[in-house]
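K.L.:
need coordinates for the following:
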Amino acid sequence: MKLERIGDALMLRITSDGYVSFRAEWIEQLRALPYDQYGEYIRTTIYPALSDMERKLWNKATINNRVLREAVQEAS
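P.N.:
Residues are numbered from 1 along each chain as shown. Below is the predicted model of the structure:
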């Protein structure tokens, strides 16, 4: 899992060919949270903003909060 800038968009790579659009403000909020609070933030803020296709991809993937935290910390 990695956050990548593609053109003007910030994308979270979930699989080799699957991306979810990711907002810069989400990264800032996640950086301020301990990873054990990521689940609540994801459920209340990120997941509702995803498209149906992105939700399907998110649901198929196993998103580990620690791995997501590493991706957020590595994002520039």
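K.L.:
C-alpha only now, for contacts and for neighbours.
P.N.:
Noted.
K.L.:
the most centrally placed residue in the chain in helix, strand or coil?
P.N.:
Of all residues in the chain, the one closest to the mean position by C-alpha atoms, centre = their mean is Leu12, 5.3 Å from it. Here Leu12 is recorded as strand under DSSP: H, G, I helix; E, B strand; the rest coil.
K.L.:
quick check: bridge partners of it?
P.N.:
Bridge pairing for Leu12 (DSSP bridges) gives the partners Leu3, Val20.
K.L.:
and the pLDDT for it?
P.N.:
What the model reports as pLDDT for Leu12 is 85.
K.L.:
OK, contacts around Ala71?
P.N.:
Met1, Lys2, Leu3 (C-alpha atoms under 8 Å, 6 or more residues apart in numbering).
K.L.:
and of those, the nearest to Val72?
P.N.:
In terms of C-alpha to C-alpha, no member of the contacts of Ala71 lies closer to Val72 than Leu3, at 7.0 Å.
K.L.:
contacts only, for that closest one.
P.N.:
Leu3 neighbours (C-alpha under 8 Å, 6+ apart): Leu10, Met11, Leu12, Arg13, Ala71, Val72, Glu74, Ala75.
K.L.:
do you know how far the residue nearest to the fourth one when sequence neighbours are not counted is from Arg66?
P.N.:
Using C-alpha to C-alpha, 6 or more residues apart in numbering and skipping residues adjacent in sequence, the residue nearest Arg13 is Tyr19, 4.5 Å away. Separation of Tyr19 from Arg66 (C-alpha to C-alpha, to the nearest Å): 18 Å.
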